[in-house]
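Peer 1: need a 3D model of the following:
(one chain, ligands or ions: 1)
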Amino acid sequence: MVKKLSKASPSAESSGIEPPASFHEGALPKLIVFDLDYTLWPFWVDTHVTPPIKASSDHSSAKDRFGENFSFYHEVPSILSSLREHGIKVGAASRTSAPDLGREMLRLLHIGDGEGKKRKAIEYFDHLEIYPGSKMTHFNKLQKATGLAFEDMLFFDDEARNRNVETLGVTSESHCQDAAIQLADFDSVFG
Ligand SMILES: [Mg+2]
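Peer 2: Numbers count the residues shown, from 1 in each chain. As a prediction, this is how the structure comes out:
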């Protein structure tokens, strides 16, 4: 069963969707951290992608050595763009064993900002922690880099094992392969 973010009923009169109670001003997370593989994109960058990789002409996807196409989950560009507009800091925490390829993918895939200007996806991240190991390490480094309390961080990840960061005080949304569904819900709040 998929656990969803609690959402207020959409108001027919309002121009947009009402944010859920936990996303009202003052209760917004100061830093939102995303895992990469199967959270922002539907593949493992270290096992599915074979370099060299090359962007498509509009930079919405990238092809690898074997002609396989790779791109973000559909909802991801609008979420990252919205977070930037809301002034919420964004981080990535990935345990991939191919950190260089992960960062290259974030440079090749481009996302339109609020003004319609295409920017490299990597520019939407304030902090990147991409290397193998426990995500406790990733979050301790994020805490040191930002000076923020763990309680002000929200984490999206597809793997339940990474929920161990909750012992630090981080709030996480991790539902084994359901992170994309969480993101779709998130998109309806921030999109
Ligand atoms: Mg993952």
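Peer 1: list, one by one, the residues from the protein near the ion.
Peer 2: If contacts are counted using Cβ under 5 Å from the ion, the residues of the chain sitting beside the ion are 35, 37-38, 158. Using the backbone N, CA and C atoms, a C-beta is placed for each residue, glycine as well.
Peer 1: how about a cut-off of 6 Å?
Peer 2: Contact residues (Cβ under 6 Å from the ion) of the chain with the ion: 35, 37-39, 157-159.
Peer 1: ok, the residues you listed vs T167, which is closest?
Peer 2: The shortest approach to T167 among those belongs to D157, at 14.5 Å (Cβ to Cβ).
Peer 1: give the closest residue to that closest one in space, chain neighbours not counted.
Peer 2: For D157, the nearest residue in space outside its immediate sequence neighbours is D35; the separation is 3.9 Å by Cβ to Cβ, 6 or more residues apart in numbering.
Peer 1: so who does the one you found touch?
Peer 2: 92-94, 155-159, 162, 179 (Cβ atoms under 8 Å, 6 or more residues apart in numbering).
Peer 1: can I get the residues of the chain next to the ion in CSV with secondary structure and pLDDT?
Peer 2: Supplementary listing: the residues of the chain next to the ion in CSV, determined by DSSP: H, G, I helix; E, B strand; the rest coil; pLDDT from 0 to 100:
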residue, secondary structure, pLDDT
D35, coil, 97
D37, strand, 97
Y38, coil, 95
T39, coil, 95
D157, strand, 94
D158, coil, 93
E159, coil, 92
